[in-house]
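In: next one to model:
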Amino acid sequence: MKHLLMTIAGVLWSVLLSAQIYVEGTLLTPSNTGVYIEVTPLRRTDGTYHIGVDYGQTRSRRPNDCLTDNKGRRYEFRSAIDGLNFLYDNGWEVVVVYPVEDIRRYLLKRR
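Out: The predicted model follows:
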């Protein structure tokens, strides 16, 4: 019984630690995002990507609000898929992909 409780506690702890997504240093939680977010891969001149995120911010959204760590340092991804895999690993899944002008946007839902 003790072994089972320790296993459950370990799994819950790892889920809580891994499911922390920040946008410009702001932690995304169910209370400030709801169920959906929209992400836009932003290709940089060096070939890496930032992931722009619209989570329904109450303030005026800047076009460059991107995934960051808790200190506001932007993550760099090798590709758009690398960024989507990061989001999936942190509790989000792609629901819809749609083009806007010459870029793709992704609607993601909290899992």
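In: residues in contact with Y36?
Out: Residues near Y36 by CB atoms under 8 Å, 6 or more residues apart in numbering: 95, 107-110. Heads up, the C-betas are built off the backbone N, CA and C, glycines and all.
In: bridged to T40, which residues?
Out: Beta bridges link T40 to G52 when assigned by DSSP bridges.
In: list the contacts for it?
Out: Taking CB under 8 Å, 6+ apart as the test, what T40 contacts is 51-54, 103-106.
In: which among those residues count as buried?
Out: 51-54, 105-106 (16 or more other CB atoms under 10 Å).
In: got JSON lines for these, with pLDDT and distance to E38 too?
Out: Below are the buried ones among the contacts of T40 laid out as JSON lines (pLDDT from 0 to 100; distance: CB to CB, whole Å):
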{"residue": "I51", "pLDDT": "97", "distance to E38": "11"}
{"residue": "G52", "pLDDT": "95", "distance to E38": "9"}
{"residue": "V53", "pLDDT": "94", "distance to E38": "7"}
{"residue": "D54", "pLDDT": "92", "distance to E38": "4"}
{"residue": "R105", "pLDDT": "96", "distance to E38": "6"}
{"residue": "Y106", "pLDDT": "98", "distance to E38": "7"}
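In: report the mean confidence score over the host helix or strand of L67.
Out: Element membership for L67, per DSSP states H and E: strand 67-68. Per-residue pLDDT over strand 67-68 has a mean of 96.
In: still on that earlier bit, looking at the contacts of Y36, which is nearest C66?
Out: L108 (14.7 Å; CB to CB).
In: what pLDDT does the residue nearest the centre of the chain get?
Out: Taking CA atoms, centre = their mean, the centroid of the chain lies closest to L87, which sits 4.3 Å from it. At L87, the model reports a pLDDT of 97.
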